[in-house]
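1. Here is a sequence with its predicted model. Questions after.
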Amino acid sequence: MANPIRIGLVGVGKIARDQHLPVIGASPDYTLAAVASRQGTHDGVPNYRTLPEMLAAGHGLEAVALCQPPQARFEAALAAIEAGLHVFLEKPPGASLAEIGLLAAAARARGVSLFASWHSRYASGVEPARRWLAGRRIRAVSITWMEDVRHWHPGQDWIWEAGGMGVFDPGINALSIATHILPPFFLTGATLSVPENRQAPIAADLRFTDAAGTPIRAVFDWRQTGPQTWDIRVETEDGFLVLSRGGAVLTIDGRDQPLPPEAEYRGLYDRFAALVRSGASDVDLNPLTHVADAFLRGERRLVEAFTD
């Protein structure tokens with residue numbers, strides 16, 4: 001077995017504590033060498049306030065996982081790449097398409113791996129859904145992604161600022177699945193609901209189609225209360241496929257399909273280890289492209305002010 005990859009983690013927030021740190025700690029492919037965070041710490045490893053401080057300290061780092069808000073991602077990723085480190089980007093990979101293009105070019109020039117991760121693609125039902133849909137004629141697609149922002153992002157003001165993406169922060173998970181299991185599609189119209197006191201939308205109604213003229217609609221909303229909804233329904237000439245619970249459950253014509261246990265972030269880190277050891281990169285920008293198109297083409301509608 002190859003030696004474990006010495007990895008540093010930047011940004012010790014909810015997603016890092018819930019997913020990244022447990023997976024890194026359990027994986028034989030990695031050794032957590034250090035963390036850097038302005039607001040959190042992790043026991044058992046050196047802790048730093050900033051990425052430059054962590055890089056200056058050394059620790060034999062070979063890679064970093066960046067879990068801070070997307071607005072801060074470019075500067076951190078570029079510094080890590082220039083230091084010769086492989087880079088794992090939490091989703092969304094950045095605040096704009098152009099900056100990710102620059103990072104990809106920098107990684108190629110430096111000979112390191114860049115991974116724009118899309119964790120929802122590693123949900124248990126996604127790959128079986130993609131295989132079942134392959135070659136089938138799709139008649140219509142309906143995507144419903146509704147959750148309670150107060151539960152999932154309490155007090156996170158960055159998410160409402162320019163580059164934070166608002167409801168597209170969870171909505172891009174739906175787009176990451178859709179762009180993986182469906183033929184290529186494009187935006188035809190969008191309505192973005194923006195609170196009077198915020199810069200980013202709290203809801204979005206998106207219309208897409210593909211080369212065959214298939215109607216595809218996605219509705220994202222952060223005002224859901226009670227049970228949360230993360231569903232993708234695909235009508236085909238051979239029946240109905242539904243991915244629910246964010247891809248964790250797959251039904252075909254109402255029948256539950258057998259699936260392996262949930263292991264989204266384990267799948268991401270397995271993929272990153274393979275990229276590092278092969279010297280390759282994986283930077284799929286299709287989900288972020290659809291978000292950019294929605295901001296570019298969408299009609300903005302003001303709604304009442306939001307308070308957390």
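-> The structure has been received and is ready for your questions.

2. so where's this protein uncertain?
-> Counting by pLDDT under 70, the low-confidence segments of the chain come to 1.

3. how about the residue nearest the centre of it, phi and psi?
-> Nearest to the mean C-alpha position of the chain, counting by CA atoms, centre = their mean, stands Lys91 at 3.0 Å. Reported as degrees, to the nearest 10, the phi and psi values for Lys91 are phi -80, psi 150.

4. ditto for Pro22
-> phi -60, psi -40.

5. Around it, how many other residues sit close by?
-> 13 (other CB atoms under 10 Å). From N, CA and C alone the C-beta is placed, and that goes for glycine too.

6. Next, work out how far apart it and Leu296 are.
-> Distance of Pro22 to Leu296, given as CB to CB, to the nearest Å: 38 Å.

7. Surely Leu275 and Val87 touch.
-> No. Between Leu275 and Val87 there is no contact under CB atoms under 8 Å: 10.2 Å.

8. So which of these two has more stuff around it?
-> Val87 (29 against 19).

9. follow-up on the earlier one: for the residue nearest to the centre of the chain, give me its contacts.
-> By CB atoms under 8 Å, 6 or more residues apart in numbering, the contact list for Lys91 reads 116-119, 172-173, 176, 287.

10. Greatest separation within these: which pair is it?
-> Ala116 and Asn173 (13.5 Å; CB to CB).

11. Would you mind confirming that Trp152 is in contact with Ile159?
-> No. Taking contacts as CB under 8 Å, Trp152 lies outside contact range of Ile159: 9.7 Å.

12. Which one's more surrounded, these two?
-> Using other CB under 10 Å as the criterion, Trp152 and Ile159 rank with Ile159 on top: 23 against 14.

13. any idea whether the more buried one is helix, strand or coil?
-> helix (DSSP: H, G, I helix; E, B strand; the rest coil).

14. wait, what's in contact with it?
-> Residues in contact with Ile159 (CB under 8 Å, 6+ apart) are 69, 149, 153, 165-166, 169, 200.

15. which of those residues are buried?
-> Of the members of those, the ones counted as buried by neighbours, 16 or more other CB atoms under 10 Å, are 69, 149, 153, 165-166, 169, 200.

16. Which of those fall in helices?
-> Of these, the ones assigned to helices by DSSP state H are 149, 169.

17. Would you check which pair of the buried ones among the contacts of Ile159 lies furthest apart?
-> Going by CB to CB, the pair spanning these furthest: Pro69 and Val149, at 15.0 Å.

18. Ramachandran coordinates for the spatially closest residue to Gly60 that is not a sequence neighbour?
-> Excluding the flanking residues, the one nearest Gly60 by CB to CB, 6 or more residues apart in numbering is Arg6, at 5.0 Å. With angles defined as degrees, to the nearest 10, Arg6 sits at phi -80, psi 110.

19. cool, the one 5 residues further on as well?
-> With angles defined as degrees, to the nearest 10, Gly11 shows backbone torsions of phi 100, psi 90.

20. which residues touch the lengthiest strand in the chain?
-> In the chain, with assignment by DSSP state E, the single longest strand is strand 185-195. Residues outside strand 185-195 that contact it (CB under 8 Å, 6+ apart): 160, 166, 178-179, 200-210, 214, 216, 290, 293-295, 297-306.

21. go again using 6 Å as the cut-off
-> Residues outside strand 185-195 that contact it (CB atoms under 6 Å, 6 or more residues apart in numbering): 201-210, 216, 293-294, 297-301, 303, 305-306.

22. ditto for stretch 144-158
-> 69, 159, 164, 170-171, 174, 219-222, 224-225, 228-231, 308.

23. distance of His59 from Ala77?
-> His59 is 18 Å from Ala77, by CB to CB.

24. Tell me where the stretch 201-308 of the chain has helices.
-> 264-278, 286-297 (DSSP state H, counting those that start in this stretch).

25. in the longest one, what counts as buried?
-> Neighbour-count burial for helix 264-278, counted by 16+ other CB under 10 Å, picks out 264-269, 271-273, 275-276.
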